[in-house]
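In: quick one, what's the 3D model for this:
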Amino acid sequence: MPAFRNGATVLGTSAATLAILSGIFAGSLRARAPATHDPVLTRLEARLTETLHQSSPQATVGYDEGRLVARFRTQTFLVHALGRRMDRSIPHYNPKPFPEIGPDYGGFALELFTDANPSQQALAAGNLEREPYWTRYFMYYQLRNPGGLPYLWVTLKYNEGTDPAVIARIEKIVEETALANAPR
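Out: Just a heads-up that it's a prediction; the model follows:
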């Protein structure tokens, strides 16, 4: 994953794309299920659990609707999605809010899942979007993943109060795991 660039903004990302990439974290984390999860997610779960236990002991790591999620100091926010008018010239916020899990001050929300489809947008260098209360980073990696799906999707939400060292550790774990499973 490339280094996070403070202040970078992705313009023109549709609300539908953000909803798909970030997911709407609904419900509570479920305990780890039997070995039915993608092998790459299982490896990521082990590494994230070990690392976050040392740096953020109150962080939770688990599965929610088949997605691996790690959360620390989060809450449900009502968010107005950014969209575009019919002529696609002027961005606007949808007046109807939807619930989304986001980080409180100093927190983070990480979501990882595998999928059969690559992005239809250019995400090769990752995308960083500044939102009113947090920064959202999303990226996908192509994997060599026997027994699993070929793309790893990553969404990480954090804010200015989040410890940069924790974000760097999460970034390193995801990048190392994805590169270790990249096609050769």
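In: list the contacts for the closest residue to residue 96 other than its chain neighbours?
Out: Excluding the flanking residues, the one nearest residue 96 by CB to CB, 6 or more residues apart in numbering is residue 80, at 7.6 Å. In this view, the C-beta of every residue, glycine as well, is placed from N, C-alpha and C. Neighbour list for residue 80: 93, 94, 95, 96, 97 [criterion: CB atoms under 8 Å, 6 or more residues apart in numbering].
In: which element is the third one on?
Out: So the one you mean is residue 95. Using DSSP states H and E, residue 95 sits within no helix or strand.
In: backbone dihedrals for it, please?
Out: phi -70, psi -20 (degrees, to the nearest 10).
In: could you give the number of residues near it?
Out: When counting by other CB atoms under 10 Å, one arrives at 7 neighbours for residue 95.
In: show me what contacts it?
Out: So residue 95 contacts residue 80 (CB under 8 Å, 6+ apart).
In: which intervals of the chain have sub-threshold pLDDT?
Out: 1-35, 82-93, 118-126, 145-148 (pLDDT under 70).
In: try 90 this time
Out: Counting by pLDDT under 90, the chain shows low-confidence ranges at 1-40, 53-57, 64-66, 75-100, 102, 114-153, 159-160, 177-184.
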